[in-house]
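Asker: Quick check, what structure comes out for this input:
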Amino acid sequence: MTKNTNTSMRRFAAKCLWIWGMVMAFVASAEAENKVTIDNFNIKVDEEKTISVYLENSDPMVGLQMDFKLPKGLDFVPNSVQRDEVRLSRSSHSIYMNEVQSSMDDMAKGIKTVRLLIQPNGIYNIAGDRGAVAYFKVRANENMVETSEIVLDNIVGSSSEFDEETGNIKGYHLDSYTAHVSPNVGFFYLTEDSICVKNDGSVKKVSLGLRNYTSVRGMEAVLSLPEGLSLDTEANGAPKFEYGERLPQNLSISSSILEDGRTKLVLSGLTSETLKGDTGVVFSFFVKASETFQEVAELSLDEIILSDNAGHGINMEGELVMKVINSFIAYYTPANDSIQGLRTRYEAAVEKINTEAANVKDSAIVVNAVQEVAVRIEDLQKSVNEAYANETLATVYDEVLAPVVEIDTAIVDMVEMVLDYQQKVTANEEAYTRLTADIAAVQAKLDAAKTTIETDYAEVAEQFMADIAALQEDIDSISNEVKGLYDEVKLTAESQIDATAIEAGIEKVLADAAAALATEEAKKANEEAYTRLTADIAAVQAKLDAAKTTIETDYAEVAEQFTADIAALQEDIDSISNEVKDLYDEVKLTAESQIDATAIEAGIEKVLADAKKAHEGSSIAGVKGPEGAELLGIYTVSGKRVAAPLKGQVNIFKYSDGTVKKFYMK
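Answerer: Have a look, this model is predicted:
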């Protein structure tokens, strides 16, 4: 150890001696408002536990000292003391804890004394007025076999103030305090934190379990039951118990009623047999509730003492508490209240519908909607009754009652839907009346058009039957659409039919029929005119053909001279014929149509006259063949056929009877 360390230790020891002397010197006073405590606890062999040292002080204190008398089986863990950093800072206080000499009597009992010293570094008060000031550890050894006491004694506190009368430091002598420490041989537990019971005398089981770290041969406990809750009994009046599989046959349960009305339960046997295993249910008892049982209460087991295989009685600290809930009051009644609330609101809703929506209250959609809500309420009632009957209502309460809000909303929605539906139905009826009238008006127009076409335009009526049928289909389609919307109650004041295209179609089919009839009449006139005009053209053509034959026969010797004239006249006839044909193809000929053949006929007369004159002036006029013989042709001496005699040459004339004549034309 170094010199510095030795010096520090000497200073610390001096401080300890100083505060102890100071405490002995001040005037002691017992103040009920000042106390030091520790918690009761359980501990297993070789286990370490941290003990919290609590100071509750109404008077300011700068220092504190106390002795802890640890029972046999419990050891102080050296150097384990720790300050509470909130109430004791390193700069304000020093803290020390160590084992000190016990009295001869305590030593004989195996009791060890440990002293805790809290010394101020100046005149700083311990912070606050309640809570832990220090912590230290203890360890259990093999001698920890039964519940023992830890005694806090010689508890003194010091103040920074002086008593004016004595001149001593003002201090406080605090009352001793005793805590219990039990060997942690295990723990009892109730298998459920809470149970629900019906108040009709139905029985509910309560099971007590044990997790033990040592062998157990018996136990005792005190059972407290709230008013209205009692133990179920056997035929002989004794409480009914159910033994767990952990209990050997020699162990049995007895019970007795204490003066305060609680029931003491004792598990014991005639042999040293112990419980089987180390965990699980030990035994169960049964409770039942009467109509006087309140909504929620607690049953408890306390003063529990466990007996190990060596016969040691070990106190089990604390108590086991189970919440007992009256399911009729806590769950079934509010559930029924909720359902009754739904029924009341449902009945009011139906009354409102019958009053304000009388026109539609008997319609299928309304009847179905009202019935659906009624069924949902009855289904909810059934679910609540079933859950209460099988004692699951407590665990599924929120789930079972979840539909309440939905049904409540459904009732409101039902009324809104029906009232809205009535408005829709009224609007639907009015719109249907108006729209069917509009459709009827369009139908009347089509019927009138059909009658007009079949009467006034009968000759072409067949052509327009398909158009009329298509328009009828359009009207039927609109009518069916309106009827469908009416059946679905979807017609409104804004609903309209769009018959524009149909009405335009009706006007068009009338116009087309009129035009078709006019066309048919025009065709007839065109045919008649064409027949007449082609006859006129044929007459002119016949005149030209006759003239041509005359010239070629009677004026053969000069016929060549008039070939171009005849061709020109033929072109004029063909032109008129083509024009007439074009007009015919275009159906443009009418009764007033005429051909102007005056010029052509004059031309024919003229070409005949000119040919005759040329013939008479020709030198071959006297070249005639035998009676009845036809001129076959005129030829040159070289045998070339010519159309007319050539001037200045010998021309040879051949006739049909074989006669040949020669003629020189000057």
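
Asker: C-alpha from now on. contacts and neighbour counts both.
Answerer: Will do.

Asker: could you pull out the helices for the stretch 501-650 of the chain?
Answerer: Remark: helices assigned in the stretch 501-650 of the chain by DSSP state H, counting those that start in this stretch are 563-585, 598-616.

Asker: try the stretch 51-200 of the chain
Answerer: Going by DSSP H, counting those that start in this stretch, the stretch 51-200 of the chain shows helices at 104-108.

Asker: And the strands in it?
Answerer: All strands of the stretch 51-200 of the chain, identified by DSSP state E, counting those that start in this stretch, fall at 63-70, 74-76, 82-83, 93-100, 112-120, 132-140, 148-162, 169-174, 177-183, 186-190, 194-197.

Asker: likewise the stretch 251-400 of the chain?
Answerer: Assigned by DSSP E, counting those that start in this stretch, the strands in the stretch 251-400 of the chain fall at 251-257, 263-269, 279-289, 296-308, 313-316, 320-326.

Asker: tell me which residues of stretch 464-471 are tucked away?
Answerer: Going by neighbour count (16 or more other C-alpha atoms under 10 Å), the buried part of stretch 464-471 is 464, 468, 471.

Asker: The first one belongs to a strand, doesn't it?
Answerer: No: according to DSSP: H, G, I helix; E, B strand; the rest coil, the state of residue 464 is helix, so it is not within a strand.

Asker: what's the distance between the residue nearest to residue 72 when sequence neighbours are not counted and residue 325?
Answerer: Distance criterion C-alpha to C-alpha, 6 or more residues apart in numbering; nearest residue to residue 72, sequence neighbours excluded, is residue 110 at 4.8 Å. Here residue 110 is placed at a distance of 49 Å from residue 325 (C-alpha to C-alpha, to the nearest Å).

Asker: Please compare these two by neighbour count and tell me which comes out ahead.
Answerer: The residue with more neighbours, out of residue 110 and residue 325, is residue 325; 23 against 16, by other C-alpha atoms under 10 Å.

Asker: Assess the claim that that one and residue 299 are in contact.
Answerer: No: taking C-alpha atoms under 8 Å as the definition, residue 325 is not a contact partner of residue 299, at 10.5 Å.

Asker: how deep is the nearest residue to residue 132 once chain neighbours are set aside tucked in, by neighbour count?
Answerer: Nearest non-adjacent residue to residue 132, counting by C-alpha to C-alpha, 6+ apart: residue 54, 4.1 Å away. Number of residues near residue 54 (other C-alpha under 10 Å) recorded here: 17.

Asker: Repeat that for the one 4 residues further on.
Answerer: When neighbours are defined as other C-alpha under 10 Å, residue 58 has 14 of them.

Asker: confidence score at it?
Answerer: We have a pLDDT of 91 for residue 58.

Asker: rewinding a little: need the strands of the stretch 51-200 of the chain in CSV with distance to residue 492, can you?
Answerer: Formatted as CSV, those follow (distance: least, C-alpha to C-alpha, whole Å):
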stretch, distance to residue 492
strand 63-70, 92
strand 74-76, 92
strand 82-83, 84
strand 93-100, 90
strand 112-120, 92
strand 132-140, 80
strand 148-162, 90
strand 169-174, 92
strand 177-183, 86
strand 186-190, 69
strand 194-197, 58
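
Asker: between those strands, which one is nearest to residue 250?
Answerer: strand 186-190 (21.0 Å; C-alpha to C-alpha).

Asker: If anything else comes up later, I'll come back, but that's it for now.
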